[in-house]
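Q: here's my sequence, what's the structure:
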Amino acid sequence: QRGMEIIMTEMLWAAVLLVVGFVLLIKGADFFVEGSSSVAKMLKVPSIIIGLTIVAMGTSLPECAVSITASVTNNNALAVSNAIGSNIFNLMVVCGFCALFNPLYVEKSTLKKEFPFSVFCALLLLVLGYWEMNLGRMEGIILIVIFACYLLWMIFSALKARREAGEEEIDTFPAWKCIVYIIGGAAAIKFGGDFVVDGETMVARSFGLTQTLIGLTVVAVGTSLPELVTSIVAAKKNEPDMAVGNVVGSNIFNILLVLGVASSISPIAFLMENVVDIVILVGFSIVVWLMAWTKKRLSRREGIIMLLLYLGYMVYICMR
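A: Numbering: from 1, shown residues only. You can find the predicted model right below:
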């Protein structure tokens, strides 16, 4: 009787956390996209670059927090499974869902530069991890240096785009309002993500799921909810470039900075399962890249294919 009461109390508390978390995520994403979109217009920078930088970093806060905390507490299996699981979810579910709402038009420059770079990052992680089945401090530093180069590349791209944009006046929010929207939205996304992950983890533990499975599914999906909600909001607000940029940028950020910092703090041991998951991530990335390349967009039919592929992956990781 006493045990049943504890379980019911936990489930009720989990439900409260989930509801509050989802409200914060949805409203936070709304403000975050509005603020970021205004910054893009004010600075005369394409939405894709804002999506690849400000939005991608903001929505990757949960992955960053979870993986670095896991590294500090020497629970590094969670750091890798969270980052890889989040990247697969971002690519297949976030892009897939967005394509169901609106066809996701992808700029040719993104298909030629940023998308291939995200595939390169996944391949680099595979090579570095498989080399000695370990991601050590040196590998972490390499990932962080490449991330610094990526940021410089984004800054130069933004400056070039600004020069080409000319001097026309565009109606936007005042600067202070943009800052409030972005910081307030990012904070709501961060805490909303935390509440949802806590609630989901409580539910998962009540059903007796293992820590590794929780990392690859519950935590990975939970920490990717900001990307999902932000990208859907961006797609519905007719900012498809920001939706695609958010996913590609978050995937680059998760591998280069999140795992780079985590492995610099404490070396990460690789399991064969991690290697298989990274191979699946590379395979999925190439499939989505080819689908987007054919018509420079992801249609509703392709979105359904991506969601079905992810469903197959979920079945596989639950059975293995």
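Q: contacts and neighbour counts: CA atoms only from here.
A: Fine.
Q: where does the stretch 1-150 of the chain have low pLDDT?
A: Using pLDDT under 70 as the threshold, the predicted model of the stretch 1-150 of the chain has low-confidence ranges 1-3, 45, 47, 59, 61-62, 65-66, 69-70, 73, 75-78.
Q: please enumerate the strands of it.
A: Secondary structure of the stretch 1-150 of the chain (DSSP state E, counting those that start in this stretch): strands located at 104-105, 134-135.
Q: closest to Leu271 out of those strands?
A: Nearest to Leu271, of all these, is strand 134-135, at 8.6 Å by Cα to Cα.
Q: give me the mean pLDDT for stretch 179-198.
A: Regarding stretch 179-198, the rounded mean pLDDT is 80.
Q: test my guess that Gly249 contacts Gly58.
A: No: the pair Gly249 and Gly58 fails to qualify as a contact (Cα atoms under 8 Å) at a distance of 10.5 Å.
Q: re the thing from before, between the strands of the stretch 1-150 of the chain, which one is nearest to Gly35?
A: When the strands of the stretch 1-150 of the chain are ranked by proximity to Gly35, the top entry is strand 104-105, at 21.2 Å, counting by Cα to Cα.
Q: pLDDT at the residue nearest the centre of the chain, what is it?
A: When the chain is reduced to its mean C-alpha position, the nearest residue by Cα atoms, centre = their mean turns out to be Ser250, at 4.2 Å. Predicted confidence (pLDDT) for Ser250: 85.
Q: now do Glu63 against Met314, distance only.
A: According to Cα to Cα, to the nearest Å, Glu63 stands 19 Å off from Met314.
Q: those two - which one has more neighbours?
A: Neighbours were tallied for Glu63 and for Met314 using other Cα atoms under 10 Å; the higher tally belongs to Glu63 (27 against 13).
Q: list of residues touching the helix or strand hosting Val244?
A: Assigning secondary structure by DSSP states H and E places Val244 in helix 240-253. Contact with helix 240-253 is made by 47-53, 55-57, 59-60, 86-87, 90-91, 94-95, 98, 104-107, 114-115, 117-118, 121, 147, 227, 230-232, 234-235, as judged by Cα atoms under 8 Å, 6 or more residues apart in numbering.
Q: report the buried members of those residues.
A: Neighbour counting with 16 or more other Cα atoms under 10 Å marks 47-53, 55-57, 59-60, 86-87, 90-91, 94-95, 98, 104-107, 114-115, 117-118, 121, 147, 227, 230-232, 234-235 as buried within the contacts of helix 240-253.
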